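Undergrad: Quick one, fold the following:
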Amino acid sequence: MTPVPTLSRREAARIAVRAQLLTAHRPGDIVETVQSLTVLPIDPTAAIAPSADLILWSRIGWPYEPADFRRLFHHDRVIFEWGGFFRPMSDLPLFLPQMRRGPRSAAARDWLAANDRFRRDILGRLRDDGPLRPVDIDDTAAVPWRSTGWTNDRNVLQMLEILTECAEVAVDHRDAKGRWFDLAERVYPAVAPVTDDEAARGRAERRLSALGIARRKGVAQPGEPVDVGDVGVEAVVEGVEGRWRVDPVLLDAGGESPRTALLSPHDRLVFDRVRLRELFGFDYVLEMYKPAASRRWGYFALPILSGHRLVGKLDAALDRRAGMLRINAVHEDEPFTAPVSEAVDAEIDDLARWLGVEVSRP
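TA: Take a look at the predicted model:
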């Protein structure tokens, strides 16, 4: 029987950082980065920059241009949007079996069945005139969508969301006013079919390759397994209960030079807060939904990575009108050494240059 490898927390953290392309060896382009990360979260909050852009900048650096990403998404079709994330189009075959099974919720299935004519109206309109925004489509719902949230009675948008989930419709592109939708057949390329089992295993393998090290059961994201099953190899992390799955490619890889990085609060390195504490000993929550008086680190504080350690949080906000990146505070989890302080300051300056603004420090 092959012995289960034991990793120190430092070794486990190095694997996680390397998997997320956060070493000194930067990826060469956007496509390579998205393929390695597997997902980029779509979040409307842009206290500094949209999360997808901030995540790509933190990997690629100053050569990254949001316009290049939009071109790859809208025109080149090498990136698609589904389930609240941007994803590499090469992963589409892994999601189509799941998408084509229909809505996951019983409420959505029942509502879709009650509004079949409405569904056909929207598909016909897109076929004739698409791509379109939700506001451009007539609401012919026989039964309104009921919700306790903001989607209540927003029938066109809800139908588009459900049809996108089912791969009948797809997001064609985005602009300043939001999403434009079209028939999925005009957005998605033809791909070779895979079985449900092949797709599920492929999604699990892709998830583990992006995380490097993960629990068998972890934090779920739309379209991804909570359980990575038996992919990768089993490992133990010193001082942490339970067992982990590790990407063997990263387990056997040599060390790489570390660097400093400012991370989006939605970054994949930090999104699983339990894993974050277990491997990095890092305490972090996104505080934008807390009252100002209850915040410890700030509205949209960026986790600060130094080498293979998360060492603090940057409380900053972009003031585009004034042309300033305003630094409210740099919270040090423990006092920074002089080299760490210099590296963090340099990264802040690089972020400001990329944004095209000056830095305003307290």
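Undergrad: need the strands for the stretch 51-200 of the chain, in chain order.
TA: According to DSSP state E, counting those that start in this stretch, the stretch 51-200 of the chain carries its strands in the segments 79-82, 85-88, 169-175, 178-183.
Undergrad: quick one: the third one to chain centroid distance?
TA: Chain-centre distance of strand 169-175: 17 Å, with CA atoms, centre = their mean, to the nearest Å.
Undergrad: Contacts for it, please.
TA: 70, 73-74, 80-82, 122-123, 126, 130-131, 160, 163-164, 179-184, 186-188 (CB atoms under 8 Å, 6 or more residues apart in numbering). For every residue, glycine as well, the C-beta is placed using N, CA and C.
Undergrad: from those residues, which would you call buried?
TA: Listed as buried from the contacts of strand 169-175 are 73-74, 80-82, 122-123, 126, 130-131, 160, 163-164, 179-184, 187-188; burial here means 16 or more other CB atoms under 10 Å.
Undergrad: Any chance of JSON lines for the strands of the stretch 51-200 of the chain, columns distance to Tyr299?
TA: JSON lines is the format used below for those (distance: least, CB to CB, whole Å):
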{"stretch": "strand 79-82", "distance to Tyr299": "26"}
{"stretch": "strand 85-88", "distance to Tyr299": "23"}
{"stretch": "strand 169-175", "distance to Tyr299": "24"}
{"stretch": "strand 178-183", "distance to Tyr299": "23"}
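Undergrad: out of these, nearest to Asp333?
TA: strand 85-88 (29.1 Å; CB to CB).
Undergrad: Contacts for that closest one, please.
TA: 31, 34-35, 38-42, 52, 73, 78-81, 95, 221-223.
Undergrad: Quick check: mean pLDDT of that strand?
TA: Averaged across strand 85-88, pLDDT comes to 97.
Undergrad: What pairs with that strand, parallel or antiparallel?
TA: Sheet pairing here is set by DSSP bridges, and for strand 85-88 it gives strand 40-41 (antiparallel), strand 79-82 (antiparallel).
Undergrad: what does the first one contact?
TA: When contacts are taken as CB under 8 Å, 6+ apart, the neighbours of strand 40-41 outside the stretch itself are Val34, Ser51, Ala52, Ile55, Leu56, Gly84, Phe85, Phe86, Arg87, Ser264, His266, Phe271.
Undergrad: top strand in the protein by residue count?
TA: strand 309-319 (DSSP state E).
Undergrad: what's the model's confidence in the helix or strand just after it, averaged?
TA: Scanning forward in sequence from strand 309-319 by DSSP states H and E, the next helix or strand is strand 324-332. Averaged over strand 324-332, pLDDT sits at 98.
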